[in-house]
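K.L.:
fold the stuff below for me.
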Amino acid sequence: MKQKKLGIFLYNRLFDALIQSNFWLYIQDYLDQNQSEEFKIYLITYEDKRFPLTKEQKQKVKNWEKQGLIWTPLNWNPGIGKLAKIKDIVTGFFATYRIKLKGCNHFISLGSVSGSYLYLYHTLLRFKFFLYQFEPHSEYAIDNKMWPKNSPQYKISHYLERKAANNAKVIASGTKFMHERLKHEWKVKASFFKIPTVTNDSKFKFSEENRKKMRNKLGLSEEIKVLFYPGKFGDLYYRAETAWMFKWVLEEDDNFHFLIVTPHQDEEVIALFDEAGVPKDKYTIAHSDYSEIHHYFAAADFAVIAVPPGPSKKFISNIKVGEYLTAGLPFLITEGISEDYIYAKEKNVGVVVKDFEEEYIKRAVPEINNYLSSDRKMLRKHCREIGLDYRGFKGLNQVFKAAINALHS
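P.N.:
So this is what the prediction gives:
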């Protein structure tokens, strides 16, 4: 059998949580099954000097290299200026060129920025490429008021997204809405595979032991209803609105506690909750790396997707939804977000609101309490079953493998 060669281009750190909890699950499976050396896998990443590899991570890399991975780590140039981006594009091009010289004619990217870079390299190097997790990030920036629509950033990013889609051989995205756009609006000829963001379902599953330990650690009795948000404030997510959301929940039912696990500094989060008038004893701020985050899920009763609505948000595929569901947690979400809000309604795994505004949040509290007054074991079992069907690794891995085969066809 002729050995297949696959180049992976990631505009991320290798050990970024979003890589390890999502895309790398598929690549790890390829490496684990690669005893016959069917694949030679070349990897390009952009590493941040502020996050050097730990001893454990270095050992993982050594193991992957024994399984057939050839890794090219590039230095990421920090900053949003043109010069930093040009440097990244140029170093990425030469790394891709060196891999192409080794006979690798098939590449995969993750996300729209990586996909745009890969398209630029394709115009000169002429290889086949697969856009995994293709989403319109330029439009997200418009909806979240990060860029004006007439800005050069939006125009260039949107142009490159469309060009990448029209030149790709394979595209995977998480929703039927993206498939409809690509096929009917953009007239894209690439093979399309619907692959919502996968969940590490062996990691994110409920544990009674973890629940007791974490509740004791946090000083929360079993009678307290814990609303959970492991995420960021601002940019693509709500900022002050998240604090106000919880304020309005408390006004309807003061037996809730808000558990926040975030990379933001405590002072920044406290300022948001002070502004909203949320008592300090009604919320907890914690910090965790990816290796430990699942323990916090067990302490929670209901979770939050803090993504504002907008026309482009139907294309998003939020990783937290799968993690919540496989961990047995129903969730609060705004209308129009991915197919997630449809699942919340139709599969009875969440509460949908129009926006994080007082009227809608207060109206949602009785619905949240309806979930929490039901049999908890049955609720967790139901959520996990829906999560496995929607975002579980076993099913989605088969679709991912079909997409890779289509790339090499």
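K.L.:
so after the lengthiest strand in the chain, what's the next helix or strand?
P.N.:
Once the chain is assigned using DSSP state E, the strand that runs over the most residues is strand 39-47. Counting by DSSP states H and E, the element after strand 39-47 in chain order, helix or strand, is helix 55-66.
K.L.:
helix or strand for the closest residue to residue 91 other than its chain neighbours, which one?
P.N.:
Computed as Cβ to Cβ, 6 or more residues apart in numbering, the closest residue to residue 91 that is not its neighbour in sequence is residue 74, at 5.1 Å. For glycine as for every other residue, the C-beta is placed from the backbone atoms N, C-alpha and C. Per DSSP H and E: residue 74 is located in strand 69-75.
K.L.:
ok, the residue nearest to residue 228 when sequence neighbours are not counted - contacts?
P.N.:
Closest residue to residue 228 apart from its sequence neighbours, by Cβ to Cβ, 6+ apart: residue 300 at 3.4 Å. The contact partners of residue 300, by Cβ atoms under 8 Å, 6 or more residues apart in numbering, come to 226-228, 259, 329.
K.L.:
quick check: the farthest pair among the residues you listed?
P.N.:
Taking Cβ to Cβ as the measure, the contacts of residue 300 span a maximum distance of 11.4 Å, between 259 and 329.
K.L.:
so residue 157 sits in a strand?
P.N.:
No: counting by DSSP: H, G, I helix; E, B strand; the rest coil, residue 157 is not part of a strand but helix.
K.L.:
if we look at the helix or strand following the strand holding residue 74, which residues are touching it?
P.N.:
Proceeding C-terminally, strand 69-75 gives way to helix 82-101 as the next helix or strand, assigned by DSSP H and E. Contacts of helix 82-101 with the rest of the structure, by Cβ under 8 Å, 6+ apart, involve 7, 9, 11, 42, 44, 46, 72, 74-78, 107, 117-118, 120-121, 124-125, 127.
K.L.:
drop anything exposed from those.
P.N.:
Neighbour-count burial (16 or more other Cβ atoms under 10 Å) applied to the contacts of helix 82-101 gives 7, 9, 11, 42, 44, 46, 72, 74, 76-77, 107, 117-118, 120-121, 125, 127.
K.L.:
so what touches the one helix or strand in the chain whose mean pLDDT sits lowest?
P.N.:
When the helices and strands of the chain are compared on mean pLDDT, DSSP states H and E, helix 17-18 comes out lowest with a mean of 88. Under the contact criterion Cβ under 8 Å, 6+ apart, helix 17-18 has outside partners 12, 289-290, 293, 319.
K.L.:
tell me which of these fall in helices.
P.N.:
Using DSSP state H, residue 319 are the members of the contacts of helix 17-18 that sit in helices.
K.L.:
tell me which two of the contacts of helix 17-18 sit farthest apart.
P.N.:
Largest pairwise distance in the contacts of helix 17-18, by Cβ to Cβ, is 17.8 Å, between 12 and 293.
K.L.:
where does the closest residue to residue 387 other than its chain neighbours sit, in terms of helix or strand?
P.N.:
Counting by Cβ to Cβ, 6+ apart, the nearest residue to residue 387 once its immediate chain neighbours are dropped is residue 325, at 2.8 Å. Assigned by DSSP H and E, residue 325 falls within helix 319-326.
K.L.:
quick check: mean pLDDT across that helix?
P.N.:
When pLDDT is averaged over helix 319-326, the result is 98.
K.L.:
what's the answer for stretch 153-164, then?
P.N.:
Per-residue pLDDT over stretch 153-164 has a mean of 95.
K.L.:
what helices and strands are in contact with the helix holding residue 325?
P.N.:
Helices and strands in packing contact with helix 319-326 are listed as helix 294-299, strand 331-334, helix 376-391; criterion 3 or more Cβ pairs under 8 Å, 6 or more residues apart in numbering; DSSP states H and E.
K.L.:
how about a cut-off of 6 Å?
P.N.:
On a contact count with 3 or more Cβ pairs under 6 Å, 6 or more residues apart in numbering; DSSP states H and E, helix 319-326 meets helix 376-391.
K.L.:
with adjacent residues omitted, what lies nearest to the spatially most central residue of the chain?
P.N.:
When Cα atoms, centre = their mean is applied to the chain, the residue found nearest the centroid is residue 319 (3.9 Å). Of all residues beyond its chain neighbours, the one nearest residue 319 is residue 197 (4.5 Å), with distances taken as Cβ to Cβ, 6+ apart.
K.L.:
surely the one you found and residue 317 touch.
P.N.:
Yes: contact between residue 197 and residue 317 holds when scored by Cβ atoms under 6 Å: they sit 4.4 Å apart.
K.L.:
joint contacts of these two?
P.N.:
Residues touching both residue 197 and residue 317 comprise residue 174, with contact defined as Cβ atoms under 6 Å, 6 or more residues apart in numbering.
K.L.:
returning to what we had before: the contacts of helix 17-18, buried ones only, as a ChimeraX selection?
P.N.:
Here is the ChimeraX command that selects the buried residues among these (16+ other Cβ under 10 Å):
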select :12,293,319
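K.L.:
show me the domain layout of this structure.
P.N.:
Per the record, the chain has its domains at 4-198+392-408, 208-391, by automatic domain parsing.
K.L.:
so residue 15 makes contact with residue 57?
P.N.:
Yes: between residue 15 and residue 57 there is a contact at 5.4 Å, judged by Cβ under 6 Å.
K.L.:
which of those two has more residues huddled nearby?
P.N.:
Neighbour comparison, residue 15 and residue 57: the larger count goes to residue 15, with 19 against 14 (by other Cβ atoms under 10 Å).
K.L.:
where's the more buried one relative to residue 71, distance?
P.N.:
Applying Cβ to Cβ, to the nearest Å, one obtains 12 Å for the distance of residue 15 from residue 71.
K.L.:
same deal with residue 90?
P.N.:
Distance, residue 90 to residue 71, using Cβ to Cβ: 20 Å.
K.L.:
looking at these two, which is more packed in?
P.N.:
Neighbours per residue (other Cβ under 10 Å) separate residue 90 from residue 71, with residue 71 holding more: 14 against 11.
K.L.:
quick one: contacts for the more buried one?
P.N.:
Residue 71 makes contacts with residue 43, as judged by Cβ under 6 Å, 6+ apart.
K.L.:
now it, which residues is it bridged with?
P.N.:
Applying DSSP bridges to residue 71 yields these beta-bridge partners: residue 43.
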